[in-house]
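In: Sequence below, structure please.
(one chain, ligands or ions: 1)
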Amino acid sequence: MNEHYFIKCTNCNHLNSFKTEFVTFCDQCGKKLKNNFQEWIKNNPGKTIKDFKKEICVTDNGHSAVKIPLKRNRYRIFVPLLIGVLVLFLVWINFAPIDLKAIYLPSKTPTAILKDNWNRSTYGKYGIAISAPEKLVKIEPNYPDELKPYIVEMESFNYRPSKKFTVAINNTFFKEQVRLSL
Ligand SMILES: [Zn+2]
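Out: Just a heads-up that it's a prediction; the model follows:
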């Protein structure tokens with residue numbers, strides 16, 4: 001059976017399938033693979049692809065050896081991103097439940113909200129797009145004290161046409177080691 005060979009990325013540990021001898025860049029992080037075949041063969045004249053596979057490549061028969069770095073690596077890249085994109089899209093009603101009902105009755109909903117054309121805009125460095133009656137404005141983020149040590153940065157945007165209606169986006173970029181259960 002043909003074994004499958006991978007070049008391990010020294011930057012992100014991704015295992016790049018060694019499909020051809022021209023695999024030069026990491027599929028996952030896009031960085032140049034330090035141990036790509038073309039450069040290796042320059043430094044190892046006379047050697048063959050077979051030697052390269054044996055000396056440099058990783059095989060996939062050690063299943064766990066493949067899976068673990070992949071998982072960890074995915075986690076490292078995607079989790080902070082995901083959390084960064086964790087949008088708290090809040091429709092705040094700062095009053096008792098009776099008002100909460102009232103705002104959803106057409107007669108009570110501010111006409112501007114119903115009649116204005118809702119425009120789709122993109123907010124923040126993570127490019128969160130939402131539709132709202134007005135463009136949200138960037139505001140000073142309100143860092144919750146208990147989360148401060150875990151936050152790299154926050155971006156906040158809101159739109160508050162009336163006291164009873166607020167649309168807000170909070171982009172929170174947590175430190176890498178933070179695990180959120182969503
Ligand atoms: Zn990589």
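In: in this structure, which segments are predicted with low confidence?
Out: Applying pLDDT under 70 to the chain flags the ranges 1-3, 61-117, 133, 162-165, 177-182.
In: Now do the helices in it.
Out: Using DSSP state H, the helices of the chain run over 37-43, 49-55, 63-84, 97-104, 111-115.
In: So which bits of the chain are right by the ion?
Out: 9, 11-12, 14, 26, 28-29 (CB under 5 Å from the ion). Placement of C-beta: from N, CA and C, glycine included.
In: and the longest strand seen in the chain, what does it pack onto?
Out: Using DSSP state E, we find that the single longest strand of the chain is strand 151-162. Other elements packing on strand 151-162 under the criterion 3 or more CB pairs under 8 Å, 6 or more residues apart in numbering; DSSP states H and E are strand 137-139, strand 165-174.
In: Who are the contact partners of the closest residue to residue 172 other than its chain neighbours?
Out: Of all residues not flanking residue 172 in the chain, residue 154 sits nearest, at 5.1 Å (CB to CB, 6 or more residues apart in numbering). Residue 154 is in contact with 141, 143, 170-173, counting by CB atoms under 8 Å, 6 or more residues apart in numbering.
In: now swap in residue 22 and tell me
Out: Contacts of residue 22 by CB under 8 Å, 6+ apart are 37-38.
In: I'd like the distance between it and residue 138.
Out: Distance, residue 22 to residue 138, using CB to CB, to the nearest Å: 46 Å.
In: just to revisit the earlier point, dump the helices and strands packed on strand 151-162 to CSV, plus mean neighbour count.
Out: As requested, these are arranged in CSV below (neighbours: other CB atoms under 10 Å):
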stretch, mean neighbour count
strand 137-139, 13
strand 165-174, 20
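In: which stretch among those strands comes nearest residue 125?
Out: strand 165-174 (7.7 Å; CB to CB).
In: Save the helices and strands packed on strand 151-162 as a markdown table, and put in distance to residue 46 too.
Out: Shown next, in a markdown table, are those (distance: least, CB to CB, whole Å):
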| stretch | distance to residue 46 |
| --- | --- |
| strand 137-139 | 61 |
| strand 165-174 | 50 |
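In: Those strands: which one's closest to residue 39?
Out: strand 165-174 (35.8 Å).
In: orientation of the closest one relative to strand 151-162 in degrees?
Out: Counting by axes from the mean of the first three to the mean of the last three CA atoms, to 10 degrees, strand 165-174 lies at 170 degrees to strand 151-162.
In: so what's the nearest residue to residue 158 once chain neighbours are set aside bridging to?
Out: Excluding the flanking residues, the one nearest residue 158 by CB to CB, 6+ apart is residue 168, at 4.2 Å. Here residue 168 sits in beta bridges with residue 90, residue 158, going by DSSP bridges.
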